[in-house]
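Enquirer: predicted model, plus sequence, below.
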Amino acid sequence: MILLTSLGDGYVRRALLEVVIVGVLCGAVGVHVVLRRLSFLTTALTHATFPGVVIATLLGLGLVLGAGVFGVLLVAVVAALTGPRGAEHGRETTSVTAVVLSGGFALGMALMSTQEGFSRDLTAFLVGSVLTVQPSDLVVSAVTAAVVLGMLAALRKELHLAAFDPDALAAAGYPARRLDLVLLLALEATVVTSLPAVGTIMAVALIVGPAATARLWCSRTSTMTAVAIGVGVASGVIGLAVSEQWNVAAGGAIVLSVAAFFMTSLVLRSLPWGELAVAVVGRRKSAGRPTYSG
Amino acid sequence: MSRPAAIVFDQASIAYGRVPALEQVHGTVRRGEIVALVGPNGAGKSTLIKALLGLVPVASGSITVLGQAPAQARRLVAYVPQADTLDPDFPISVAQVVLMGRYRRIGWLRPPGRADRDAAAEALAAVGLAHRAADRFGTLSGGQRQRVLLARAIAAQPEALLLDEPFNGVDAVSQEALLDTIKTLAAGGAAVVVSTHDLGLAQLTCDGICLLNRHQFGFGPPADVLTPDLLRAAYGGAALELGDRGLIVARS
């Protein structure tokens, strides 16, 4: 494999490290996105983060910093307009999200079109260029991943309850809205962190895809998280290998790997023995000691 | 001598913005009592439960829960939602659902401990589903899921228990198990408020009835509230001619 032989190159090592970090982060955050049915909101966030990236470039700011600041601003707007669970609640908030999505994207396009060499940069923003990841990007990714994963672990019980039964969460007196906001910020941080590797458009696939794949196979949130992280990392590494081997765009190859995992799982699960496999795994679990883990 | 009051409604009215949802609820639920909220669809039963949880504000009058404002009393109150409002495909075990009842006691950042697991296991046994602990929540029947949610509420060791239509679409075995558990909890000193469509069940099992339709038509012992006149007033004449609701009225 060319990926192995080219590991001697610094940029390939950095790319590999980046896809692993992003794979772990997206897998873990994606579980919450999928369980709360926030996929559409995530799509909106990734698209609307795009103008932030463009503005950051135009102003000569760091790409991640600019996108991050814009993203936080955007989270505030979406939260104020629809509430963080807005995507679930009927057409009206969905429409708001859709307008934010296309509006943000259009703003990014308009700003970009004022610049020279715009189509080349556009591609980098939209689908990412993991092979040009800088050591500073790696540091940002690692720090973001550590903070977000730490937060998800610390608020594990509460986020689990919020996803399963938001009414009970509110009834128990938890600050439900603030918890939602924290998750939304974590999601936006994940989107921004994934930008160098897969770009704004494909980030949503890397967040939703591995978790949606894991959802097909798992009957516990803990195993679902583990599988989602596994699929996220595997997709990144496989995509990078394919990219090195056949000289295709890394971002595209990574997302295609995610899609392949998902579609394969979907087909396998729809087969009669796919159902059986899950039942057997489930029965083996039931036979063991009941787990009262949080 | 009567038992101490747990929930006191004092001419309480609830409104969403300027639109009044429920007016002039007045009465007392004592510790150890089971009180049914009864009324047609849209009568304001769920609204009243939300008000007891402090999730909708009281526009005028007051509601006192365990001597405090509803929002302050939440840690002492457990709420049982309708099981069919929850995603049956959610990847979670029965045991994990019950353990959620302990989260508020455990507090932020700390994992569940031995005592929490024991309380959860005990609560699940109380609703007769200890053998299903390791199964995925969604694989249970509707009635069994409702029992699991009751177990979650019991695990919180509440002083007041609020149930929203727990008997809807529940099989006879599960209904029996739910009723037994609720009665046991009340016997232990908890105040129980349960909304239901089932007038017969309310009459047979509850100590008090709160008859609602946008405002209160009666609050007191079943014999005083489930009368033909009050039921006709609350439900409107037409509803009484149909189904077993008419039978109840005919008998009383």
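Expert: Great, that's in hand.
Enquirer: can you give me the buried ones in the helix or strand encompassing residue B:204?
Expert: Assessed by DSSP states H and E, residue B:204 sits inside helix B:199-205. Residues B:199, B:201, B:202, B:203, B:205 are the ones in helix B:199-205 that count as buried (16 or more other Cβ atoms under 10 Å in any protein chain shown). Glycine gets a C-beta too; all of them are placed from N, C-alpha and C.
Enquirer: the second one touches residue B:167, doesn't it?
Expert: Yes - proximity of residue B:201 to residue B:167 meets the contact threshold set by Cβ atoms under 8 Å, at 6.3 Å.
Enquirer: next, show the common contact partners of those two.
Expert: Common neighbours of residue B:201 and residue B:167, counting by Cβ atoms under 8 Å, 6 or more residues apart in numbering or on different chains, are residue B:175.
Enquirer: follow-up on the earlier one: which one of the buried residues of helix B:199-205 is nearest to chain A?
Expert: Lowest distance from chain A to those (Cβ to the nearest Cβ) belongs to residue B:202, with 22.6 Å.
Enquirer: next, residue B:20: phi, psi?
Expert: Backbone torsions for residue B:20, taken as degrees, to the nearest 10, come to phi -70, psi 130.
Enquirer: okay, now residue 151: neighbour count?
Expert: Using chain A. Residues near residue A:151, counting by other Cβ atoms under 10 Å in any protein chain shown, number 16.
Enquirer: actually it's chain B I care about, not the one you picked
Expert: 29.
Enquirer: which residue packs closest to it, ignoring adjacent ones?
Expert: What sits nearest to residue B:151 in space, not counting adjacent residues and going by Cβ to Cβ, 6 or more residues apart in numbering or on different chains, is residue B:123, at 4.2 Å.
Enquirer: can you list the residues of chain B near chain A?
Expert: Residues of chain B lying close to chain A by Cβ under 8 Å from any Cβ of the partner chain are B:53-55, B:71, B:74-75, B:77, B:79, B:81, B:85-87, B:90-93, B:95-100, B:103-104, B:106, B:108-109, B:111-112, B:116-117, B:120-121, B:133-136, B:152, B:156.
Enquirer: now restrict these to buried residues only.
Expert: Members of these classed as buried by 16+ other Cβ under 10 Å are B:53-55, B:74, B:77, B:79, B:81, B:86, B:90-93, B:95-100, B:103-104, B:106, B:112, B:116-117, B:120-121, B:133-136, B:152, B:156.
Enquirer: hmm, residue A:160 and residue A:179 touching each other?
Expert: No - applying Cβ under 8 Å, one finds residue A:179 not in contact with residue A:160, separated by 11.0 Å.
Enquirer: these two: which is more packed in?
Expert: Legend: neighbour count by other Cβ under 10 Å for residue A:179 and residue A:160, higher for residue A:160 (23 against 19).
Enquirer: enumerate the residues of the stretch 1-150 of chain A near chain B.
Expert: Going by Cβ under 8 Å from any Cβ, the residues of the stretch 1-150 of chain A near chain B are residue A:35.
Enquirer: in the stretch 1-150 of chain A, what residue comes closest to chain B?
Expert: Closest point on the stretch 1-150 of chain A to chain B, by Cβ to the nearest Cβ, is residue A:35, at 6.8 Å.
Enquirer: what is the neighbour count of residue 125?
Expert: Assuming you mean chain A. 21.
Enquirer: hmm, no, I was thinking of chain B.
Expert: 13.
Enquirer: which other helices and strands does whatever helix or strand it lives in contact?
Expert: Residue B:125 is part of helix B:114-126 when elements are defined by DSSP H and E. Counting contacts by 3 or more Cβ pairs under 8 Å, 6 or more residues apart in numbering or on different chains; DSSP states H and E, helix B:114-126 is packed against helix B:94-99, helix B:142-155.
Enquirer: what's the next secondary structure element after the shortest one?
Expert: This means helix B:94-99. Per DSSP H and E, the first helix or strand lying C-terminal to helix B:94-99 is helix B:103-106.
Enquirer: same for that following helix, what does it pack against?
Expert: So helix B:103-106, by 3+ Cβ pairs under 8 Å, 6+ apart, packs with helix A:156-164.
Enquirer: how about the helix it packs on and chain B, any contact?
Expert: Yes - applying Cβ under 8 Å from any Cβ, one finds helix A:156-164 in contact with chain B at A:157, A:158, A:160, A:161, A:163, A:164.
Enquirer: so what pairs up with residue B:34 in the strands?
Expert: residue B:192 (DSSP bridges).
Enquirer: do you know how far it is from residue B:7?
Expert: Note on residue B:34: its distance to residue B:7, by Cβ to Cβ, to the nearest Å, is 12 Å.
Enquirer: residue B:36 now?
Expert: Counting by Cβ to Cβ, the gap from residue B:36 to residue B:7 is 13 Å.
Enquirer: neighbour count winner among those two?
Expert: residue B:36 (27 against 24).
Enquirer: and the pLDDT for the residue nearest to residue B:136 when sequence neighbours are not counted?
Expert: Leaving out its chain neighbours, the residue that sits closest to residue B:136 by Cβ to Cβ, 6+ apart is residue A:219, at 4.4 Å. For residue A:219, the model assigns a pLDDT of 91.
Enquirer: shouldn't residue B:29 be within a helix?
Expert: No - applying DSSP: H, G, I helix; E, B strand; the rest coil, one finds residue B:29 to be strand, outside a helix.
Enquirer: count the residues that sit near the residue of the stretch 1-150 of chain A closest to chain B.
Expert: For residue A:35, using other Cβ under 10 Å, the count is 22.
Enquirer: quick one: the helices in the stretch 151-294 of chain A?
Expert: A:156-164, A:166-171, A:176-217, A:221-246, A:250-270, A:272-287 (DSSP state H, counting those that start in this stretch).
Enquirer: return the most buried member of those.
Expert: helix A:176-217 (a mean of 25; mean count of other Cβ atoms under 10 Å in any protein chain shown).
Enquirer: would you tell me whether that helix gets close to chain B?
Expert: Yes - Helix A:176-217 comes into contact with chain B (Cβ under 8 Å from any Cβ), by way of residue A:215.
Enquirer: picking up where we left off before, so how far is the helix holding residue B:204 off the chain centroid?
Expert: 14 Å (Cα atoms, centre = their mean, to the nearest Å).
Enquirer: could you give the mean pLDDT of that helix?
Expert: 90.
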